[in-house]
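Q: Here you go, sequence then predicted model.
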Amino acid sequence: MTILVVTGTGTEIGKTVVTAAIAAVAGDRRVAVLKPAQTGLAPGEPGDAAEVVRLAGGHVTPVELARFPDPLAPATAARRAGLAPVRPYEVAEAAGKLAAEYDLVLVEGAGGLLVRFDDEGSTLADVAGLLGAPVLVVTPAGLGTLNSTALTSEALRARGLECLGVVVGSMPAEPDLAARCNIDDLPVAAGAPLLGAVPAGAGSLAPEDFRARAASWLAPALGGHRRA
């Protein structure tokens, strides 16, 4: 696996921290993290790709294709800023070039799988289709996650895309009944294996601690040693 697309069932659910964990456990490999569209930040502010580097380490190279100041879907943010949107073929071309140079390329989307990149309705799913790359779905732990995970996985299957698996982006230290049951039910909803559970607050750890613990959060398919 040279290119992995990381999406979520929504926004603010831990995609960046999961991406960083995958990059951290690949410490002996050359890794690039590609953020097609960063929204909600002014020029010069560190974005998601920079956060992955901070947490995972200097073996990671950040690449950001477009940045829009409003914290909105990329298509809307680009339109409001009067800027050209990022196109799926541009993302695929950038990822392909990185894959020729790096051992692993992580493409982190914005929000969920079908959030629009442009006014023609292009999405991260189109990027995955152009690349022929597997998609990892990051999802919340609690009540409601089974439906959003099932919908995302169904959208992937409908497009002939591979759902590599599911990772819980922020697992509470004391999970409630729903979160505990969802550990067993998420693979059924996704039709794909549960490949990890990142603890809540992991992004606030010191980078050294984050790197030392990351492998315990992820299954072997993602480079870790977490058991089902």
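A: Perfect, thanks for sending it. Numbers count the residues shown, from 1 in each chain.

Q: C-alpha from now on. contacts and neighbour counts both.
A: Will do.

Q: Enumerate every residue touching Pro193.
A: Shown in contact with Pro193 (CA atoms under 8 Å, 6 or more residues apart in numbering): 164-166, 187.

Q: try Ala78
A: 68, 84-85, 118.

Q: Just say helix, strand or coil for Val107.
A: Judged by DSSP: H, G, I helix; E, B strand; the rest coil, the three-state class of Val107 is strand.

Q: mind checking pLDDT for it?
A: Looking at Val107, its pLDDT is 98.

Q: what residues are up against Leu222?
A: By CA under 8 Å, 6+ apart, the neighbours of Leu222 are 22, 195.

Q: How about the contacts made by the spatially most distant residue from the centre of the chain?
A: No residue in the chain sits farther from the centre than Gly82, which is 26.8 Å out by CA atoms, centre = their mean. With contact set as CA under 8 Å, 6+ apart, Gly82 has no partners.

Q: in this structure, which spans are helices?
A: 15-25, 48-56, 74-81, 88-99, 124-131, 145-158, 177-190, 207-217 (DSSP state H).

Q: just those helices: most buried one?
A: Highest mean neighbour count among the helices of the chain (mean count of other CA atoms under 10 Å): helix 15-25, with a mean of 27.

Q: Give me the subset of the contacts of Ala78 that lies in strands.
A: In this view, the contacts of Ala78 that belong to strands under DSSP state E are Phe68.
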